[in-house]
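Participant: Need the 3D shape of this:
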Amino acid sequence: MNRQDPLPTLYVPHGAPTFALRPGAAGAALSARARQLPTPRAILVVSPHWDTAIPTVGYAERPETIHDFWGFPEALYALHYPATGCPEAARLVSAALQAAGLPMATDASRGLDHGAWVPLRMMFPEADIPVIPLSIQSSGDAAYHYQLGRALSGLPAQGILIVATGSITHNLRDYQLAAMNGGQTPAYVHEFARWIADQLAAGNTEALLDYRQRAPEARRAHPSDEHLLPLYVALGAAGKTATAERFHAGIDDYVIAMDAYAFTPGAQQ
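Facilitator: I've put the predicted structure just below:
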């Protein structure tokens with residue numbers, strides 16, 4: 001793979017599983033953004049739904065579509081995303097992690113969970129770009145995942161598009177309460193999403209890494225923070241001089257902030 005102008009790194013919402021059936025404005029934004037991108041050599045997808053003790057790279061040549069949810073409409077279980085894997089690109093990911101001194105593992109059978117295939121199906125519906133999954137470590141914090149991203153920062157210049165997925169707010173108990181109480185969105189959902197957007201626009205990485213202490217109602221926005229951790233992988237992978245663009249903002253299912261970001265690497269990484 002020859003070096004080129006680096007691709008942006010992305011953090012996109014994967015929503016509830018029903019996002020696949022009702023893409024709405026967020027799905028339209030993901031599709032539109034993907035059409036603006038140069039065709040990547042491969043996609044490295046980081047989903048909060050693959051959580052391991054150490055970073056693990058998927059090497060499956062034909063990763064299966066994992067329907068890792070229960071009790072949803074039957075139409076969801078009929079959806080598939082038949083992307084291929086790419087051992088060559090997976091080796092580049094593994095080498096980048098090893099060069100950074102990070103422990104890592106490989107998995108020859110891991111498929112694509114709904115955190116991966118739901119947004120990718122909207123962005124690249126032909127499934128004609130190879131996909132490599134990379135796990136998160138919920139035992140690690142925001143700073144850990146930022147450093148994980150930094151280890152991957154050479155990949156966008158080698159044609160690998162990094163797509164991290166999750167949601168800016170993720171409190172399933174509050175979803176249940178909102179559904180029972182007339183569907184009103186709690187104020188913290190807007191406040192937290194706005195705080196994240198403001199810090200990213202200002203390039204205030206220090207505050208972002210300390211979000212659980214500094215952001216409004218951080219622990220309510222993320223009782224556990226696995227759905228925000230991929231944001232830090234995308235941010236770190238874009239480099240210290242990256243610029244952030246929020247290309248979608250909105251709320252689905254009362255409490256899920258569906259904000260989407262592109263991070264464009266700067267001249268010096």
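
Participant: which residues are in contact with the worst-scoring helix or strand of the chain on mean pLDDT?
Facilitator: Of all the helices and strands that make up the chain, helix 172-180 has the lowest average by mean pLDDT, DSSP states H and E, namely a mean of 90. The contact list for helix 172-180 (C-beta atoms under 8 Å, 6 or more residues apart in numbering) reads Gln184, Thr185, Pro186, Arg220, Pro223, Asp253, Tyr254, Val255, Ile256. All C-beta atoms are positioned from the backbone trio N, CA, C, and that covers glycine.

Participant: what's the farthest-apart pair in those?
Facilitator: By the measure C-beta to C-beta, Gln184 and Pro223 form the most distant pair in the contacts of helix 172-180, at 19.4 Å.

Participant: what angle sits between the next helix-or-strand element following the least confident helix or strand of the chain and helix 172-180?
Facilitator: Once helix 172-180 ends, the next helix or strand along the chain (criterion: DSSP states H and E) is helix 187-202. Here helix 187-202 runs at an angle of 130 degrees relative to helix 172-180 (axes from the mean of the first three to the mean of the last three C-alpha atoms, to 10 degrees).

Participant: helices and strands around helix 187-202, which ones?
Facilitator: helix 205-209, helix 211-214, helix 218-221, strand 243-248, strand 251-252, strand 256-257 (3 or more C-beta pairs under 8 Å, 6 or more residues apart in numbering; DSSP states H and E).

Participant: quick one on the thing from earlier: of the contacts of helix 172-180, keep whichever come out buried.
Facilitator: Thr185, Pro186, Arg220, Asp253, Tyr254, Val255, Ile256 (16 or more other C-beta atoms under 10 Å).

Participant: ok, so of these, who is nearest Tyr77?
Facilitator: Closest approach to Tyr77 among the buried ones among the contacts of helix 172-180 (C-beta to C-beta): Asp253, at 19.6 Å.

Participant: possible to save the contacts of helix 172-180 as a markdown table with pLDDT and distance to Leu231?
Facilitator: Output for these, formatted as a markdown table (pLDDT from 0 to 100; distance: C-beta to C-beta, whole Å):
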| residue | pLDDT | distance to Leu231 |
| --- | --- | --- |
| Gln184 | 89 | 26 |
| Thr185 | 94 | 21 |
| Pro186 | 94 | 21 |
| Arg220 | 97 | 17 |
| Pro223 | 97 | 17 |
| Asp253 | 93 | 19 |
| Tyr254 | 94 | 21 |
| Val255 | 96 | 17 |
| Ile256 | 97 | 14 |
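
Participant: now those as CSV including distance to Tyr175?
Facilitator: Formatted as CSV, the contacts of helix 172-180 follow (distance: C-beta to C-beta, whole Å):
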residue, distance to Tyr175
Gln184, 12
Thr185, 10
Pro186, 10
Arg220, 12
Pro223, 12
Asp253, 6
Tyr254, 6
Val255, 5
Ile256, 7
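
Participant: between the residues you listed, which is closest to Pro133?
Facilitator: Checking those against Pro133 by C-beta to C-beta gives Ile256 as the nearest, at 22.1 Å.
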